[in-house]
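Colleague: Using only what follows, build the 3D model:
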Amino acid sequence: MTFEETYASLNPSFVDDGVLELLFDGPNLNAVTAEMHADLGHVWRDIERAPAVRSVVLRGAGGNFSAGGSFDVVEQAIEDPVFRTQLLRETRDIVFAMIESTKPVVSGIRGAAVGAGLVVGLLADISVAARTARLVDGHTRLGIAAGDHSVISWPLLCGMAKAKYLLLTCEPVTGEEAERIGLVSLCVEDEEVDARALAIARRLRHGAQDAIRFTKQALNHWYRANSAAFDFSATAEMYGLGTADVREGVASLREKRAPRFG
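Modeller: Numbers count the residues shown, from 1 in each chain. This is a model prediction of the structure:
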């Protein structure tokens, strides 16, 4: 089966010879559905095994990257502990498969970039953000521990002090600020994001593949060294999905009010 058939939820297509695009495209600012979350846990290993893929570009449709996990996914996880265990496995698959993949990945981040969508946006090897993009890890606002990817990567990207401030407070940052603190690789004007991300993916596609892939793998040892911290954070996140705080977090977001945590 082709990428297009196997991973339809991610809208894969070859936008150039050797360059595979994955596109978030859906309702509620490209929110990540249960199907998309599962596909993000498997697609990287198939990309790794596909000789036709030499680089990957990630982007979102309609002016936004992704608003993160959908309310449907969160509410199912709240009610179903078996589904929470499945989400934990998929979360580990996404993070570790991206780290282990040797193929270079470029993300183009515009508009909202939150939660599960932000995971792949920032774990990409090169991240290109729009000046007005709005990046936020919203876990603690929802009432659960930050566990998708941030513990393994944010302290390396922007330093422990900034990581703690942003993750504990859920303070959003613009693309411009994200570049300033080192959370993303580049910041460009909003209308230039997609073209710049694709140009970088094309450049990597034409580069010396062994040199690029070995360099990526060597650098990713920094992530592997923090794998125990990630495992704890991901488990803590799933634990939180069974508490009263997350029910209040979801209710407050739906009702557009400040949460009243216990």
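
Colleague: Quick check: nearest residue in space to residue 258, chain neighbours excluded?
Modeller: Closest residue in space to residue 258, ignoring its immediate chain neighbours: residue 252 at 6.5 Å, by Cβ to Cβ, 6 or more residues apart in numbering. Where you see a C-beta, it was placed from the backbone N, CA and C, and this is true even at glycine.

Colleague: I would like the residues contacting the helix or strand hosting the one you found, please.
Modeller: Assessed by DSSP states H and E, residue 252 sits inside helix 244-255. For helix 244-255, contacts defined as Cβ atoms under 8 Å, 6 or more residues apart in numbering pick out 71, 74-75, 78, 141-144, 240, 258-262.

Colleague: For it, buried residues please.
Modeller: 245-250, 252-253 (16 or more other Cβ atoms under 10 Å).

Colleague: what are the C-alpha coordinates of that helix, in PDB please?
Modeller: Provided in PDB are the C-alpha atoms of helix 244-255 (Å, rounded to 0.1, in the frame of the first residue of the first chain):
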ATOM      1  CA  ALA A 244     -10.900  15.600  38.500                       C
ATOM      2  CA  ASP A 245      -8.600  18.400  37.400                       C
ATOM      3  CA  VAL A 246      -8.700  17.400  33.700                       C
ATOM      4  CA  ARG A 247     -12.500  17.200  33.800                       C
ATOM      5  CA  GLU A 248     -12.500  20.800  35.100                       C
ATOM      6  CA  GLY A 249      -9.900  21.800  32.600                       C
ATOM      7  CA  VAL A 250     -12.000  20.500  29.600                       C
ATOM      8  CA  ALA A 251     -15.200  22.000  31.000                       C
ATOM      9  CA  SER A 252     -13.500  25.400  31.500                       C
ATOM     10  CA  LEU A 253     -12.200  25.400  27.900                       C
ATOM     11  CA  ARG A 254     -15.500  24.400  26.500                       C
ATOM     12  CA  GLU A 255     -17.200  27.100  28.500                       C
END
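
Colleague: export the buried residues of helix 244-255 to CSV and tack on pLDDT?
Modeller: Formatted as CSV, these follow (pLDDT from 0 to 100):
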residue, pLDDT
245, 97
246, 97
247, 97
248, 97
249, 96
250, 95
252, 96
253, 94
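
Colleague: Could you let me know which of those residues ends up closest to residue 84?
Modeller: Of all the buried residues of helix 244-255, residue 84 sits closest to residue 246, with 10.7 Å by Cβ to Cβ.
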